[in-house]
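*Asks:* Using only what follows, build the 3D model:
(2 chains)
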Amino acid sequence: MSTIHSAAQPTTPIGKTADYLDQRTKVGVLTKQLVRKVFPDHWSFMLGEIALWSFVVLILSGFFLTMFFEPSMALTHYHGEGPASMQGQLMSVAFASTVDMSFEVRGGLLMRQIHHWSALVFMAGIVVHMMRVFFTGAFRKPRELNYLVGVTMMILGLGAGFTGYSLPDDVLSGNGLRITDGVVKSIPIIGSYMSYFIFGGEFPGEHIIPRLFTLHILVIPALLLALIGLHLFLMVLNKHTQYPGGGRTDRNVVGYPAVPAFATKMGGNFFIVFGVLALMGGTMAINNVWNYGPFDPSPVSAGAQPDWYMLFLEGSLRLMPGQGTEWVIGGYTLSLNVLIPAVVVPGLLFTFLFVYPFLEAKVTGDHREHHVLDRPRNVPVRTGLGVAFLAAFVILALAGSNDLIATHFALSINTITWVFRVLIFVGPVFAFWITKRICLGLQRKDRELVLHGHETGRIVRFANGEYIEVHRPLDEHDRWLRVNYEAHKPLEIAPAMDARGVRRKGYMVDRQWQRVSRFFFEDRVEPVTPAELAAAHAHGGHDELEAERGTPELVSGSGNVEREH
Amino acid sequence: MSENVNPNPSQDVTASRHGAHDTITHPERFADPGVPEHTTRLADRDPQAAKRAERAIVLLFTLSILGTIGTLVAYFAFRPDGTTEGVRLSNLLLGVGLAVSLLGIGIAAVHWAKTLMSSHEHVEERHESRSSDEVRTVVAQGFADGLADSGLARRGVLKGAVVSALALFPLTIAVPLVSSVGGEWNVGKFRHTLWKNGTRLAYDPSGRLIKAADLTAGSVAHVIPDVSEEMRESHEWITEKSKAVVLLVRLNPQDLKADQSPEGETWSYDGIVAYSKICTHVGCPVALYEQQTHHLLCPCHQSTFDVADGAKVVFGPANRPLPQLPITVDDEGYLVAQADFAEPIGPSYWERLK
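*Replies:* Alright, predicted model coming up:
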């Protein structure tokens, strides 16, 4: 590395190459920034990397697949190396080439299965990474924009998965497209035309596979690549967030330099992610389309679930009762039984994700930059809302598997559906309430620990006959972790009348925001202050002194003694 | 950048570390104790342990090389014999070989970084995200100068012309695209299927014609309109079949409570009823028939229809009954349609009743 910056003539081949590049691009300046850039270390910072590396595996395996896949809906009678059940069947060239790349191309099936598993892991990586970002408040200023880039990529990921899943033109994905057609048609006024736009005529037509192919291998990956670049660029520009702890502030970043340890771990992580995906592709069969057969609008099989990230939409469709939810207004049909679950519900979920950082900034009135993450317990309402969101997502996903639950547990599908219909309203509210309570409880426990330390289980009797239990105070790092946070208070607003008794414009709006703010911060647990700690010590002074001196006059046989030493 | 330095030593220095018994005034907040002391790892202290770690890393890289060789051997040595089992074996060997090759490198790299590379924390200062006021002033001035130079503010007509031209030119691509991409603007096509008066009913997919006498009570048939073999191998057929598929059920005539026949017409024949197979919810083929209850279940979203009672919705997200295909028999005893469906089949859409 030193050769890049040295004024002397480079002698090694690497040095000469670096010199050649630097003389033409000033690459040294950029590398100087990156080479010793400090990255904080935590296992949860690796979750986004899983998504990133799965995407790289998707590109590598996807390139392999495009060499053999033919995105054509032309019909053909199959005569190839595929299974006997396929011989002579009428199918689209897309389906035939999918069978051929699995059976004729050695390693083709492996690449198909790696590709499919990578897509599932890619979405899982994104979702878990989003959870980390949400629950630790990493979306706060200055990272709101990068958060929006992330949510957009999550939605593009859904699009990539959907368009790819439909390409083999098998009977399952064909029915998936048919459901899409039904959903699109439910959109008021433009729905029927949008259905034509998508399929190039009536479902299924002859255009949908080539169109999905272009979206799947060009448009969506190009957008994703651009956004990944932007996401990483902003991450480097803003410097990574860090978990709270001694020496970590909003004005510094504590961690390890990019080269060598961090870069090595990151590179190693790519090989581990790829290796695990290869193992999955090699040992776990997925989407063996020749078992389903080519698309035919007539047959359908029960127990057919979409890929996991689409299950919530499927569940949403299944839960909606059909009776009384299709309205005819002036002769036009408004199909709320489809529109609400398939368009409104995901719309609400995604809107929540998009607006939440701005909502929270508004109700905290906080315009400072934040680089130290929150412990989820210290922001109970945010954590509660996040868990409520996840609860809704999980309930919908389970509802999307109601037929499997019915057959596996021998239950009535109607009963299960009714249970989920109630749960989708009750579950998230309950999840919010209980999560908020747990967070407040953990905060109180933190206070208790800071004020009184750990119980040691050692009972001490003084000469005057008084018994006490010895408490061991926290060391300053453990204490700092528990007191270094800010308990936001509800917004304070200017009064309705000014000093001269004139009604103030905007007061009503302010009051609404104050209400929302109160919902967020009315219940809160303040961190312990040094004064409170001093008061607690003065109150129960003996225990601390005794514990520090470590010479109790009498130790009871409580059994915990050994463990505490 | 510096190692292990408390970035804020000046803050809250008045705080006592020993229970604050002797201070009268307390600071508002606790003092930051600074970055915890660096702890060394076994390999930092013990050269033997470092040597062991190095050997483990070398072993892992060697394993990866063996994995790569194994994958190539599997590729050339195990040619699938055309059976599903052969393909699966080849897939398994290639996948496991590839996994060993990759995991060897990955685990070796991470192990190396964690045991042998420096674990000293570094502290780097952050800078405010915004640019400085001076920079902002220069940028604002640059734009102001540029605007003044272009004269846009003074030349109103020019400004209008530029904005209009830029706003309009995308139409040159958008209009041809939007008008062609749908292939079709007549949404009335949703209303019609291949069925018309006299079309014979045929089994799906064989195309064999159906006589009323062939059907026993309780039996179910998946039905398509009778068309030429040539037609059945065309693309139009898949699109037409998507609308025309029908489920035929023969009930005991006394079980048939009601069908959708209007006053004065009979749409069923001797307990045989024919309903569109396309769900009125979002269009899945409704295919699961329960003989005891006469219920027809859509496997996609569990809409349930009562075949004995005009295919009414008894459960699930569908709102409307499945449309009935009016049928009768012709003089040769074959089942035939009396007419096309009386309403559009499949999911609802905005202009459905227009």
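*Asks:* Next up, the contacts around the nearest residue to B:Ala287 once chain neighbours are set aside.
*Replies:* The shortest distance from B:Ala287 to any non-neighbouring residue, by C-beta to C-beta, 6 or more residues apart in numbering or on different chains, is to A:Val300 (5.4 Å). Any C-beta I mention is one placed from the backbone N, CA and C, and that applies to glycine too. For A:Val300, the contact set (C-beta atoms under 8 Å, 6 or more residues apart in numbering or on different chains) comprises A:171, A:175, B:284-285, B:287, B:299-300.
*Asks:* B:Leu116 now?
*Replies:* Going by C-beta under 8 Å, 6+ apart, B:Leu116 touches B:43, B:50, B:53-54, B:57.
*Asks:* rewinding a little: lowest-confidence one in the contacts of A:Val300?
*Replies:* Among the contacts of A:Val300, B:Ala287 has the lowest pLDDT, at 83.
*Asks:* Could you give the number of residues near it?
*Replies:* B:Ala287 has 21 neighbouring residues, counting by other C-beta atoms under 10 Å in any protein chain shown.
*Asks:* Does it touch A:Pro299 like I think?
*Replies:* Yes - the pair B:Ala287 / A:Pro299 is scored as a contact, 6.7 Å apart, by C-beta atoms under 8 Å.
*Asks:* Name the residue closest to the centre of the chain, please.
*Replies:* No chain was given, so I picked chain A. Among the residues of chain A, the one closest to the centroid is A:Val127, at 2.3 Å (C-alpha atoms, centre = their mean).
*Asks:* oops, I was thinking of chain B
*Replies:* Centre-most residue of chain B, counting by C-alpha atoms, centre = their mean: B:Cys300, 14.8 Å.
*Asks:* Quick one: residues contacting the closest residue to A:Gly161 other than its chain neighbours.
*Replies:* Distance criterion C-beta to C-beta, 6+ apart; nearest residue to A:Gly161, sequence neighbours excluded, is A:Ala119 at 5.2 Å. Residues near A:Ala119 by C-beta under 8 Å, 6+ apart: A:54, A:58, A:160-161, A:164, A:307.
*Asks:* Going by neighbour count, which residues in stretch A:353-373 are buried?
*Replies:* By neighbour count on 16 or more other C-beta atoms under 10 Å in any protein chain shown, the buried set for stretch A:353-373 is A:353, A:356-357, A:360, A:363-364, A:369-373.
*Asks:* is chain B contacted by that stretch?
*Replies:* Yes - shown here: stretch A:353-373 in contact with chain B (C-beta under 8 Å from any C-beta of the partner chain) through A:369, A:371.
*Asks:* which other residues reach that stretch?
*Replies:* The contact list for stretch A:353-373 (C-beta under 8 Å, 6+ apart) reads A:130, A:134, A:136-142, A:144, A:147-148, A:151, A:154, A:238-239, A:241-244, A:248-251, A:253, A:382, A:385, A:389, A:488, A:491, A:513, A:516-517, A:520-521, B:126, B:128-129.
*Asks:* Show me just the buried residues among the residues you listed.
*Replies:* The buried subset of these (16+ other C-beta under 10 Å) comprises A:130, A:134, A:136-142, A:147-148, A:151, A:154, A:238-239, A:241-244, A:248-249, A:253, A:382, A:385, A:389, A:488, A:491, A:513, A:517, A:520-521.
*Asks:* Now, the residues you listed that are in strands?
*Replies:* Within the buried ones among the contacts of stretch A:353-373, residues falling in strands by DSSP state E are A:Val253.
*Asks:* now, which of the contacts of A:Ala119 sits nearest chain B?
*Replies:* Taking C-beta to the nearest C-beta as the measure, chain B sits nearest to A:Ser54 out of the contacts of A:Ala119, at 13.2 Å.
*Asks:* Okay then, goodbye and thanks.
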